[in-house]
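Q: Let me see the structure of the following:
(2 chains)
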Amino acid sequence: EAQVTQNPRYLITVTGKKLTVTCSQNMNHEYMSWYRQDPGLGLRQIYYSMNVEVTDKGDVPEGYKVSRKEKRNFPLILESPSPNQTSLYFCASSSGTGGDNSPLHFGNGTRLTVT
Amino acid sequence: SQQGEEDPQALSIQEGENATMNCSYKTSINNLQWYRQNSGRGLVHLILIRSNEREKHSGRLRVTLDTSKKSSSLLITASRAADTASYFCATDADSGAGSYQLTFGKGTKLSVIP
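A: Numbers count the residues shown, from 1 in each chain, chains lettered A, B, ... in the order given. Okay, the predicted model is just below:
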């Protein structure tokens, strides 16, 4: 089944403790992206990747890192999480470049709480 | 960055009625997409309409696009309780070097009452 898989689904952590949220897609998509969703703010793009070893900042990249060593994986890294990073995170992938005529496929989300 | 804005923010209707949601955006686009999100879950792509198209249908969904007014509407006909979800429009934006990024609006929360 074609899918984008994120793990974990829920994560509670403390300020400053490094964490990684994994994202994997099995559709051989070149484009992958991370979003965060907050009440009243909608979805905001954190980082995206057009292909292996190619990553770019989205609208809200501060406090996050990503890597794209393989086509299928696009982990999101929070080196020193802070409470303002408490949010619902989504990974997405697409066969196109992210804004062309190719729909995004989303994972089921990771709900992160930083205390 | 460019962003679509949905209207209304929330909509409550009876099962069987039609639901209309609107999206306005600021600058020229190549395409506009609509997505659906069930509570707390990932977004699911519904329909894409290109800038040279005016109307598109998919099952009970009808999308219109008016590029002169920079607006789009999503109509769900004969709504069902299972249509209860948030609906988002997404527009592309040129982020440079031929790369286009989708930016999402804040969504319309639709409640269909059985």
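
Q: And stretch B:44-63, how far out from the chain middle?
A: Mean-position distance between stretch B:44-63 and its chain equals 9 Å (CA atoms, centre = their mean, to the nearest Å).

Q: Over to stretch A:64-74?
A: 9 Å.

Q: What average pLDDT does it get?
A: When pLDDT is averaged along stretch A:64-74, the result is 97.

Q: That one near chain B at all?
A: No. Contact between stretch A:64-74 and chain B is absent, the nearest approach being 14.7 Å (criterion: CB under 8 Å from any CB of the partner chain). From N, CA and C alone the C-beta is placed, and that goes for glycine too.

Q: Flag every buried residue along that stretch.
A: Neighbour-count burial for stretch A:64-74 flags A:64, A:66, A:68, A:71, A:72, A:73, A:74 (criterion: 16 or more other CB atoms under 10 Å in any protein chain shown).

Q: Quick check, the fourth one in contact with residue A:52.
A: When you say that, I think you mean residue A:71. Yes. With contact defined as CB atoms under 8 Å, residue A:71 counts as touching residue A:52 (5.5 Å).

Q: Excluding chain neighbours, what is closest to the most centrally placed residue in chain A?
A: The residue lying closest to the centre of chain A (CA atoms, centre = their mean) is residue A:34, at 2.7 Å. Closest residue in space to residue A:34, ignoring its immediate chain neighbours: residue A:46 at 4.3 Å, by CB to CB, 6 or more residues apart in numbering or on different chains.

Q: OK, contacts around residue 104?
A: Using chain A here. Residue A:104 is in contact with A:33, A:92, A:93, A:94, A:98, B:33, B:35, B:43, B:45, B:90, B:102, counting by CB atoms under 8 Å, 6 or more residues apart in numbering or on different chains.

Q: should've been chain B
A: A:35, A:42, A:43, B:3, B:4, B:35, B:88, B:89, B:90 are the contacts of residue B:104 under CB under 8 Å, 6+ apart.

Q: following the lowest-mean-pLDDT helix or strand in chain B, which helix or strand shows up next?
A: Ranking every helix and strand in chain B by mean pLDDT, DSSP states H and E puts strand B:99-104 at the bottom, with a mean of 77. Counting by DSSP states H and E, the next helix or strand C-terminal to strand B:99-104 is strand B:108-113.

Q: If we go by neighbour counts, what in that next one is buried?
A: Counting neighbours by 16+ other CB under 10 Å, strand B:108-113 gives B:108, B:109, B:110, B:112 as buried.

Q: Can you add pLDDT and give those residues back as TSV?
A: Shown next, in TSV, are these (pLDDT from 0 to 100):
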residue	pLDDT
B:108	95
B:109	95
B:110	97
B:112	97
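
Q: Flag every residue of chain A that's near chain B.
A: Near chain B, when you scan chain A using CB under 8 Å from any CB, you find A:4, A:33, A:35, A:40-43, A:45, A:48, A:50, A:56, A:58-59, A:88, A:90, A:92, A:97-101, A:103-109, A:111.

Q: Are any of these buried, and if so which?
A: Using 16+ other CB under 10 Å, the buried ones in the residues of chain A next to chain B are A:4, A:33, A:35, A:42-43, A:45, A:48, A:50, A:56, A:58-59, A:88, A:90, A:92, A:97-100, A:103-107, A:109.

Q: now the strands for chain B?
A: B:5-7, B:10-14, B:19-24, B:31-37, B:43-50, B:55-58, B:61-66, B:71-76, B:85-96, B:99-104, B:108-113 (DSSP state E).
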